[in-house]
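Novice: structure for the following, please:
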Amino acid sequence: MNSQQRLESLDGVRGLAVLIVFLSHASGREISNVSWLNFHGIGHIGVYLFFVLSGYLLARNLLSGQSAKEFYIRRFFRIAPLYFVVLLMVFAIQLNGYYSPRYLYVEDGGAGLFKHILFLKGDGVFWTVAAEFSFYLVLPLIVWVGVKFGSGWLMLGCVVYFSWFLFALQGKLPPPKLVDIQHQGQFLDVLICGAIAAFINRKLPEGVMAVLLAILMGITVICVSKSFLWFHQPFYGLRWGSLLYGAVFALSIVSVVQGNRYLLVVFNNPVLRFMGIVGFGWYLLHFQVFQIVNAYIEPGFVRFVLATIATAACSWLAFVLIESPAIRLGKIISTKVSHRGQGVATI
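Specialist: Okay, here's the model as predicted:
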C-alpha cells in the first residue's frame, strides 16, 4: 500500500471519531436503548480523535510547503459553507417557535447568531467549530516554531504536557460544565498533540507499535465506557483526561500513516471511510435528524436504524451539494492567491 493510500485510510479514522460522537448522542437522546453498552456522555472522546487528526493533517500540509494564506482560505471554504447553512437553518427554525436545547440551537437571538458566524461562540455541537477556528489562528505559528527550533522544542512541549497530565491525575476529574466546552480554546492540547505527531519521522518497529497500541486502546475503551465487560465505572472519570487520548490517538495516526497493517485493516473499512468522508455533515446534522425521528418513530431498534440511515443520507447530500463544491472553490481561490504571492516566504 503506497503513502497516498495510507493517507486515504485516515478517512476511516475520522469515521471512527464521528461514530463515537454519534453513538454517544444516540444513547443520550433515546435513539439507542442498548443498556449493556452505554456510550452516553463520552462523545467528546470522538472529538478528541477528530481534533488530533485535524491537527496532524493541517500541520502536515504546512510542513509540506502550504502557505499560511492557502491554509486559511482552504480551511474557511472547507468548514464555513456547510456550517453557515446549518446555522441559518437552525436559527430560522427557532424563529418559528421550535427551540430545543437538547438538539441544535443558537442562544441569545441575533446577537448569538452573529457571534456564531464570527466563530466566537458555539452553542451545543457548534462549540467544536469555534474551538477549531481558534486553533487555526495559532497553528502556522506552532509549525514555524517547530521548524525553527526543531526537536528540542517538541521534547519540551511533550514534557510540559505529560507533567500537566500527571498533575491532573492527583485529584478527581469532574465533568466540565457546559460553559467549559463553549470557549474557543477548548482542547487546544489535543489539537497540538496532532500537530506534534506531524513532526514525528522515526518509525517504531511494527511489532512494538502493535503491542503498545493494543494496550493503550484497551485502556481507552475501559476509560470511556460506563459499563464494559466486568468494568462498571471505576475509571469513568478518566474520560476527561484529554491528554491521555491525545497521545494515544496521535500514536495511532502516525502508525496508520507508517503502514501498520492491523490498523489499516480497521480504518480501510468502507463504512468507516464513508462516515469519515461525510463526517462534518454527519456531525452537524445528526441532532436535527434525531429530533425528527424522536417525534415520529416509536422507541426501539427500528428508530436507531432509521436515524442512522437518515443521517447518512443527509450527510451525503450535504457533502455533494455544499461541501464538495466549496472545497473545490477554496482550492481554486487559494491557488490563485498563491500564484499572486510567488516569492513570498511560506511556512
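Novice: can you tell me how far the nearest residue to Lys331 once chain neighbours are set aside is from Leu285?
Specialist: Once flanking residues are discounted, Lys331 sits nearest to Arg74: 6.6 Å by Cβ to Cβ, 6 or more residues apart in numbering. No exception for glycine: its C-beta is placed from N, CA and C like everyone else's. Look at Arg74 and Leu285: by Cβ to Cβ, to the nearest Å, they are 22 Å apart.
Novice: so for those two, which sits in the more crowded spot?
Specialist: Neighbour comparison, Arg74 and Leu285: the larger count goes to Leu285, with 24 against 20 (by other Cβ atoms under 10 Å).
Novice: let me know the pLDDT of the more buried one.
Specialist: Listed pLDDT for Leu285 reads 96.
Novice: do Cys314 as well
Specialist: So Cys314 comes in at 97 (pLDDT).
Novice: oh, and call the first residue 23 from now on, that's how I've got it
Specialist: OK, 23 is where the count begins now, so the last one is Cys336.
Novice: got a list of contacts for the helix or strand harbouring it?
Specialist: Per DSSP states H and E: Cys336 is located in helix 323-340. The contact list for helix 323-340, computed with Cβ atoms under 8 Å, 6 or more residues apart in numbering, reads 44, 48, 52-55, 104, 107, 296-297, 300-301, 303-304, 306-308, 310-312, 314-316, 319.
Novice: try it again at 6 Å.
Specialist: Helix 323-340 has contacts (Cβ atoms under 6 Å, 6 or more residues apart in numbering) with 53-54, 104, 300, 303-304, 307-308, 311, 315, 319.
Novice: ok, now stretch 114-126?
Specialist: With contact meaning Cβ under 6 Å, 6+ apart, stretch 114-126 is reached by 112, 146, 309-310, 313.
Novice: export these to CSV and tack on distance to Leu343?
Specialist: Output for the contacts of stretch 114-126, formatted as CSV (distance: Cβ to Cβ, whole Å):
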residue, distance to Leu343
Val112, 18
Gly146, 23
Phe309, 20
Gln310, 16
Gln313, 21
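Novice: among the residues you listed, name the ones in helices.
Specialist: Secondary structure from DSSP state H places 112, 309-310, 313 of the contacts of stretch 114-126 in helices.
Novice: could you identify the most distant pair in those residues?
Specialist: Pairwise distances across these (Cβ to Cβ) peak at 10.5 Å, for the pair Val112 and Gln313.
Novice: which one of those two has more residues nearby?
Specialist: Looking at Val112 and Gln313 with other Cβ under 10 Å, you find the greater number of neighbours at Val112, namely 24 against 16.
Novice: which pLDDT value does the model give the more buried one?
Specialist: 94.
Novice: once you drop chain neighbours, what's closest to it?
Specialist: Closest residue to Val112 apart from its sequence neighbours, by Cβ to Cβ, 6+ apart: Leu126 at 4.6 Å.
Novice: and that neighbour, that's in a helix?
Specialist: No: assigned with DSSP: H, G, I helix; E, B strand; the rest coil, Leu126 falls outside any helix and is coil.
Novice: can you tell me how far Gly63 is from Ser49?
Specialist: 8 Å.
Novice: who's more crowded, those two?
Specialist: The residue with more neighbours, out of Gly63 and Ser49, is Ser49; 22 against 16, by other Cβ under 10 Å.
Novice: could you look up the SS state of the more buried one?
Specialist: helix.
Novice: these two touch, right, it and His62?
Specialist: Yes: between Ser49 and His62 there is a contact under Cβ atoms under 6 Å: 3.8 Å.
Novice: now the strand or helix carrying Ile115 against helix 323-340, angle please.
Specialist: Using DSSP H and E, Ile115 falls within helix 90-117. Following axes from the mean of the first three to the mean of the last three Cα atoms, to 10 degrees, one obtains 130 degrees for the angle between helix 90-117 and helix 323-340.
Novice: give me the buried positions along helix 90-117.
Specialist: 90-105, 107-109, 112-113, 115-116 (16 or more other Cβ atoms under 10 Å).
Novice: give the contact list for the residue nearest the centre of the chain.
Specialist: In the chain, the residue lying closest to the centroid (Cα atoms, centre = their mean) is Phe72, at 2.3 Å. Contacts for Phe72 (Cβ under 6 Å, 6+ apart) come out as Ala39.
Novice: from Gly134, how far off is it?
Specialist: Separation of Phe72 from Gly134 (Cβ to Cβ): 24 Å.
Novice: do Leu339 as well
Specialist: 27 Å.
Novice: okay, the two: which has more neighbours?
Specialist: A count of neighbours by other Cβ under 10 Å puts Gly134 above the other of Leu339 and Gly134, at 16 against 13.
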